[in-house]
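>>> Sequence below, structure please.
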Amino acid sequence: MKLRIVSSRNDIDNLSRNEQMVHLAFRAANTDVFKLIQNCPRIRMVQVPASYRRTLSRASEMFLTIQGVELVEGDVWGHRRDIDEYYDIDDQVMKRIDRLQASGASTSDIASAISRETKLSRELVSYLIKQRS
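Sure, this is the predicted structure:
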């Protein structure tokens, strides 16, 4: 799976209409969120850093909810945008999630374990688990 990294407002205009998972690496205003949804009608998940999540307006949160877009808190560690605009979530991570689910582990336990192993946020891992079900 690929998570598209958007590092500035200007990048929103260059996004593919088919993007489904986006990480906003800047402090998004209401207009940025609205433009993101307009430019990417298939989007299902938006991840923002914890510090930016606290400053996101209620209007933006409600708009995302109404559009069926899940807002996830978390960072993308060790990614350099100048090398690649996508952060790849390795297939091994997905296989590990499947193995833990098959063993009967709870969603919370799986999210904790995968988060520790991969530095992906717990909320992102929980979202991935939900999508696999």
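>>> quick one, phi/psi of residue 125?
The phi/psi pair for residue 125 (degrees, to the nearest 10) reads phi -60, psi -40.
>>> shift numbering so it begins at 20
Understood, numbering begins at 20; the last thing we discussed is residue 144.
>>> so how many other residues sit close to it?
Neighbour count for residue 144, taken as other Cβ atoms under 10 Å: 24. Using the backbone N, CA and C atoms, a C-beta is placed for each residue, glycine as well.
>>> wait, what's in contact with it?
116, 129-130, 133-134, 137 (Cβ atoms under 8 Å, 6 or more residues apart in numbering).
>>> export those to JSON lines and tack on neighbour count?
Output for these, formatted as JSON lines (neighbours: other Cβ atoms under 10 Å):
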{"residue": "116", "neighbour count": "20"}
{"residue": "129", "neighbour count": "22"}
{"residue": "130", "neighbour count": "23"}
{"residue": "133", "neighbour count": "23"}
{"residue": "134", "neighbour count": "17"}
{"residue": "137", "neighbour count": "16"}
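>>> Show me this structure divided up by domain.
As assigned by automatic domain parsing, the chain contains the domains 20-107, 109-152.
>>> can you put these in a markdown table and add mean pLDDT?
Listed next are the domains of the chain as a markdown table, based on pLDDT from 0 to 100:
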| stretch | mean pLDDT |
| --- | --- |
| domain 20-107 | 90 |
| domain 109-152 | 92 |
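>>> Please spell out which residues along the helix or strand harbouring residue 111 are buried.
When elements are assigned from DSSP states H and E, residue 111 belongs to helix 110-121. For helix 110-121, a neighbour-count test (16 or more other Cβ atoms under 10 Å) marks 112-113, 115-116, 119 as buried.
>>> before we move on, what about stretch 22-39?
Under 16+ other Cβ under 10 Å, the buried positions of stretch 22-39 are 22-25, 28, 30-31, 34, 38-39.
>>> Burial check on the residue nearest to residue 79 when sequence neighbours are not counted, number of neighbours?
Take residue 79 and drop its neighbours on the chain: the residue closest to it by Cβ to Cβ, 6 or more residues apart in numbering is residue 52, 4.3 Å away. For residue 52, the neighbour count with other Cβ under 10 Å is 24.
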